[in-house]
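K.L.:
I would like to see how this sequence folds:
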Amino acid sequence: MKIDAYSHILPRAYFDRLVEIAPDKGAIKRWLHIPVLHDLGARLAMMEEFGADYRQILTLSMPALESVAGPDDTPALARLANDCMAELVAQRPDRFPGFVASLGLNNVPAALAELRRAIEDLGAIGIQLFTNVAGRPLDDPEFWPIFEAIHAHDLPVWLHPTRGAGCGDYPGEPKSKFEIWWTFGWPYETSVAMARMVFARFFIRLPGLKVICHHMGAMVPFFAGRVGHGWDQLGTRTADEDFGPLVAELGRPLDHFKQFIGDTALAGSRAGIACGLDFFGAEQVVFGSDCPFDPEGGPLFIREIIAAIDALDIPEADRQKIYEHNIRRLARQRLRS
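P.N.:
Okay, the predicted model is just below:
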């Protein structure tokens, strides 16, 4: 069986509401032309190409809730999204064995209540968080209770990058050009969020915390040398801060980065998947496609990533961990099929 642990959807009722309230219609224009994203029939038909043993865990597509609604409105938006996702799982557990809950982090008390409802009442297998909350880092103390709550449930965080064209390529530019904000900005966003979590001692304060990082942990595996030997020298390049106590408590930063989990959503790059697998190890990698954001509107990334995983020179037992066993373990056997 192949369980796609990171695919995106906008359930129809939620999608209609999103189109109605989105302050920047341009930001969602692409979504209007990807039927698989919001048309269940089109999605199920697309999945047929990959056989009866192909499944998708559903995560809500961008944009982040707090980017389209204020703190008074995101709780209702999150409830709508999670109710719709739970309904899809109930309708077709043979195709959608689980879903990941969405939260509006601009209202933390409401987000905590929705986290509990989604997991305990609706059966969500984790939560999706974005790499920043309206420009604020995830290690901001206000968001700490969210991590405490998901850790208490022993379920994963799905970590997704968010960055827009308003983040200039250079400090003197007001806007990113040529969609550089997406191609290179998103991996940077994810890597920064991972680093902030490491240096905020997340894995010390919450032992066993599970964080699935989209796009195979972004820049981190490729830059393992800088993450390793480079940050072994933390503080030597800084004159106005003393990192001594942090270094003494943390040990090697590299060891903390290896506690993240990577997915295979690298647009079919075999070299990238091999690099990430070498960094995280077979126990810390899950099959993810990023469906449906490919030039074909759904099947291309799935097809290419399956081909890349099948081409890896690894034991068959490790391949099955990536395809199925790891995500079942991370979800604590809560999947419906």
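K.L.:
Asn106 and Glu142: what is the separation?
P.N.:
In this structure, Asn106 and Glu142 are separated by 10 Å, where distance is defined by C-beta to C-beta, to the nearest Å. From N, CA and C alone the C-beta is placed, and that goes for glycine too.
K.L.:
what about those two, which has more around it?
P.N.:
Neighbour comparison, Asn106 and Glu142: the larger count goes to Asn106, with 22 against 11 (by other C-beta atoms under 10 Å).
K.L.:
give me phi/psi at the more buried one?
P.N.:
Torsion angles at Asn106 (phi, psi; degrees, to the nearest 10) stand at phi -80, psi 0.
K.L.:
contact partners for it?
P.N.:
In this structure, Asn106 makes contact with Leu65, Glu66, Gly70, Pro71, Thr74, Val133, Ala134, judged by C-beta atoms under 8 Å, 6 or more residues apart in numbering.
K.L.:
can you pick out the most distant pair from the residues you listed?
P.N.:
When the contacts of Asn106 are compared pair by pair using C-beta to C-beta, the two farthest from each other are Gly70 and Val133, 13.1 Å apart.
K.L.:
looking at these two, which is more packed in?
P.N.:
Set side by side, Gly70 and Val133 give different neighbour counts by other C-beta under 10 Å, the larger being at Val133 (22 against 10).
K.L.:
Three-state assignment for the closest residue in space to that one that isn't next to it in sequence, please.
P.N.:
Residue nearest to Val133 in three dimensions, not counting chain neighbours: Leu105, with 4.5 Å by C-beta to C-beta, 6 or more residues apart in numbering. Each residue gets one of three states, and Leu105 gets coil by DSSP: H, G, I helix; E, B strand; the rest coil.
K.L.:
mind checking pLDDT for Leu105?
P.N.:
The predicted structure scores Leu105 at 97 on the pLDDT scale.
K.L.:
so how far is Gly166 from it?
P.N.:
Separation of Leu105 from Gly166 (C-beta to C-beta): 19 Å.
K.L.:
which other helices and strands does the helix-or-strand element of the chain with minimal mean pLDDT contact?
P.N.:
Least confident helix or strand, the chain: helix 12-21 with a mean of 90, by mean pLDDT, DSSP states H and E. In this structure, helix 12-21 packs against helix 35-38, helix 74-91, with contacts taken as 3 or more C-beta pairs under 8 Å, 6 or more residues apart in numbering; DSSP states H and E.
K.L.:
recalculate using a threshold of 6 Å.
P.N.:
Secondary structure elements in contact with helix 12-21, counted by 3 or more C-beta pairs under 6 Å, 6 or more residues apart in numbering; DSSP states H and E, are helix 74-91.
K.L.:
list the buried residues in the helix it packs on.
P.N.:
Applying a neighbour-count criterion of 16 or more other C-beta atoms under 10 Å, the buried positions in helix 74-91 are 74-75, 77-82, 84-86, 88-89.
K.L.:
those residues into a markdown table, with extra columns for distance to Asp278 and pLDDT?
P.N.:
Below are the buried residues of helix 74-91 laid out as a markdown table (distance: C-beta to C-beta, whole Å; pLDDT from 0 to 100):
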| residue | distance to Asp278 | pLDDT |
| --- | --- | --- |
| Thr74 | 39 | 96 |
| Pro75 | 42 | 97 |
| Leu77 | 40 | 96 |
| Ala78 | 37 | 98 |
| Arg79 | 41 | 98 |
| Leu80 | 41 | 98 |
| Ala81 | 36 | 98 |
| Asn82 | 36 | 98 |
| Cys84 | 38 | 98 |
| Met85 | 34 | 98 |
| Ala86 | 37 | 98 |
| Leu88 | 35 | 98 |
| Val89 | 34 | 98 |
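K.L.:
quick check: the farthest pair among the residues you listed?
P.N.:
Taking C-beta to C-beta, the two most distant members of the buried residues of helix 74-91 are Thr74 and Val89; they sit 22.2 Å apart.
K.L.:
ok so, going back, ok, the buried residues of helix 74-91 vs Glu49, which is closest?
P.N.:
Sorting those by how near they are to Glu49, with C-beta to C-beta, puts Leu88 at the top with 19.5 Å.
K.L.:
pretty sure that closest one is touching Phe96, no?
P.N.:
Yes - under the criterion of C-beta atoms under 6 Å, Leu88 lies in contact with Phe96, with a separation of 5.4 Å.
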